[in-house]
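In: Need a 3D model of the following:
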Amino acid sequence: MSKFIEKVEKTCQENQKVAMFIDMDGTIAVYNVYPEDKVAEKMEEDYDNAEPLKDIIKTLEKISQISNIDLYILSLSKTSKLTEKKKKWLEKNTPFIPQKNWLIITKEIGEYNKENRDIIKAKKIEEKGEQYDHLILLDDDHKVLREAQKKLGKNADIYHVSAALI
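Out: Modelled structure (predicted):
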């Protein structure tokens, strides 16, 4: 068993109800780097073929079998079209995470902007997290991880995606 799964199991043993929030791009799906002015367009074009990070997804599937943990997808999306593509990708690659637990925050419809991009996930976790004893975030973005650590404090475990590989 992986060290990451062991850590999550220990957290679940120590708490009655746990929520894990999982980023998509660069965490469970390969993230391609595009020129800043082309990101939305290229992601819309390419997302159907985004490679799943299978080892991470297998680890999450094992974690999903722990009885007192709920898994959530927590992802940012620049456009509504990309949001729909992400949903199709999730249906195909993470069927063990219920659709009601997909939190895809879309810039195009005003759910986030350039100014609050780094803190919006922590705010969303805080909102959802009220019904849980403990929270876990798995993400690849250091700014997001730092902001979540500041905002959520001791009530949360904040992991860079690399932690799920050990």
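
In: now stretch 68-81: how far from the chain's centre is it?
Out: Its chain's C-alpha centre and that of stretch 68-81 lie 6 Å apart, by CA atoms, centre = their mean, to the nearest Å.

In: let me redo that: stretch 133-147
Out: Relative to its parent chain, stretch 133-147 has a centroid offset of 9 Å by CA atoms, centre = their mean.

In: In CSV, list the C-alpha atoms belonging to that stretch.
Out: What follows is the C-alpha trace of stretch 133-147 in CSV, where atoms were taken according to Å, rounded to 0.1, in the frame of the first residue of the first chain:
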residue,chain,number,x,y,z
ASP,A,133,-14.4,17.1,10.4
HIS,A,134,-11.3,17.2,8.2
LEU,A,135,-10.4,18.4,4.7
ILE,A,136,-7.7,17.2,2.2
LEU,A,137,-6.6,19.1,-0.9
LEU,A,138,-4.6,17.4,-3.7
ASP,A,139,-3.3,19.9,-6.3
ASP,A,140,-0.3,20.7,-8.4
ASP,A,141,-0.4,24.5,-8.2
HIS,A,142,1.9,25.9,-5.4
LYS,A,143,0.0,29.2,-5.2
VAL,A,144,-3.3,27.4,-4.7
LEU,A,145,-1.7,25.0,-2.1
ARG,A,146,-0.2,27.9,-0.1
GLU,A,147,-3.4,29.9,-0.1
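
In: Can you tell me what sits against it?
Out: By CB atoms under 8 Å, 6 or more residues apart in numbering, the list of residues contacting stretch 133-147 from outside reads 8, 11, 14-23, 25-27, 31, 74, 118-119, 121-122, 125, 129, 148, 152, 155-161, 163-164. Any C-beta I mention is one placed from the backbone N, CA and C, and that applies to glycine too.

In: how far away is the residue lying closest to Tyr159 once chain neighbours are set aside from Asn93?
Out: Counting by CB to CB, 6 or more residues apart in numbering, the nearest residue to Tyr159 once its immediate chain neighbours are dropped is Leu138, at 5.1 Å. Summarising the geometry, the distance separating Leu138 from Asn93, computed by CB to CB, to the nearest Å, is 15 Å.

In: and for whichever strand in the chain runs longest, what are the contacting residues?
Out: Criterion DSSP state E: the longest strand present in the chain is strand 69-77. If you take CB under 8 Å, 6+ apart as the criterion, strand 69-77 is touched by 8, 12, 17-25, 60, 63-64, 83, 86, 90, 94, 96-97, 101-108, 112, 117, 120-121, 124-125, 128, 132, 137, 139.
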